[in-house]
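Undergrad: need a 3D model of the sequence below.
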Amino acid sequence: MELWWQALNLELQIFYGIGILALLALVLQFVLLFFGGFDDATDLGDAGGVGDHGSGLGIFSFRGITAFFLGFGWTGVIVLKGGHSLALAIGLGLLVGTILMVAIFLLMRSMMRLQSSGTLNYQNAVGEVATVYVTIPAEGKAGGQVEVMIQGRLSVAEALHKGVTAIAPGTKVKVVEMIGRSTLVVEPLLS
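TA: Numbering: from 1, shown residues only. You can find the predicted model right below:
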């Protein structure tokens, strides 16, 4: 290995060094990511607001810079091994590195958009039409339930009715208010 390294000219040693270090950093990132020890939560800059603030996602994140140096180093090696000039190796290395850095940024941003907490916000049910699931007693007494679409999911929620008559199962109602964390106040729809 040492003989191989010493046989390389300085330019190839530099490009190989950059490529190998970036590859090792990338492998380390994936190993830590697999075991839950790496989340890239620190941006090294926000590129003029290109990243999402507070998400750890930016074009100059650790992953982005690693991708840049990976593309720069190995492209330089390939170009120099192909017998081309150092200027072409640097130019193409910068181009490929930048393309990889932007690609990683766009990929991570797309993946962050898929992330969701999964928590239902029952306030989103206010104004929606629901169907009574369990008879809703009159005068605000507890015990009733409705089926309602909340954030694209059909959910069953506790329901109250302030009127003087109970509401039977299967009746369409409108959610008019939320009480507490997940109890909905409903009124029958007028036919």
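
Undergrad: for residue 12, give its distance to residue 5.
TA: From residue 12 across to residue 5, the span is 9 Å (C-beta to C-beta, to the nearest Å). C-beta: built from backbone N, CA, C; applies to glycine.

Undergrad: so these two - more neighbours on which side?
TA: Applying other C-beta atoms under 10 Å to residue 12 and residue 5 shows that residue 12 carries more neighbours, namely 17 against 11.

Undergrad: number of nearby residues for the residue lying closest to the more buried one once chain neighbours are set aside?
TA: Once flanking residues are discounted, residue 12 sits nearest to residue 80: 5.5 Å by C-beta to C-beta, 6 or more residues apart in numbering. Neighbour count of residue 80, defined by other C-beta under 10 Å: 22.

Undergrad: next SSE after the strand or helix carrying residue 80?
TA: Per DSSP states H and E: residue 80 is located in helix 62-81. Next helix or strand after helix 62-81 toward the C-terminus (DSSP H and E): helix 86-114.

Undergrad: and that following helix with helix 62-81, angle?
TA: On the basis of axes from the mean of the first three to the mean of the last three C-alpha atoms, to 10 degrees, helix 86-114 is oriented at 150 degrees to helix 62-81.

Undergrad: mind giving me the packing neighbours of helix 86-114?
TA: helix 10-34, helix 62-81 (3 or more C-beta pairs under 8 Å, 6 or more residues apart in numbering; DSSP states H and E).

Undergrad: worst average pLDDT in the ones you listed?
TA: With a mean of 89, helix 10-34 has the lowest mean pLDDT of those.

Undergrad: same question for it: list its buried residues.
TA: 12, 14, 15, 16, 18, 19, 22, 25, 29 (16 or more other C-beta atoms under 10 Å).

Undergrad: how about the residues you listed in CSV, adding distance to residue 84?
TA: Listed next are the buried residues of helix 10-34 as CSV, based on distance: C-beta to C-beta, whole Å:
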residue, distance to residue 84
12, 12
14, 15
15, 12
16, 16
18, 17
19, 16
22, 21
25, 27
29, 31
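
Undergrad: list the contacts for the residue nearest to residue 12?
TA: With contact taken as C-beta atoms under 8 Å, 6 or more residues apart in numbering, residue 80 is in contact with 11, 12, 15, 86, 89.

Undergrad: which one of the residues you listed is nearest to residue 140?
TA: Nearest to residue 140 among the contacts of residue 80, counting by C-beta to C-beta, is residue 15 at 74.9 Å.

Undergrad: next, work out how far apart the residue lying closest to that closest one once chain neighbours are set aside and residue 103 are.
TA: Leaving aside its chain neighbours, residue 15 sits nearest to residue 76 (3.5 Å; criterion: C-beta to C-beta, 6+ apart). Separation of residue 76 from residue 103 (C-beta to C-beta) stands at 18 Å.

Undergrad: any weak-confidence spans in the protein?
TA: 37-58, 115-118, 191 (pLDDT under 70).

Undergrad: hmm, try it at 80
TA: 1, 33-60, 111-119, 190-191 (pLDDT under 80).

Undergrad: all set, thanks.
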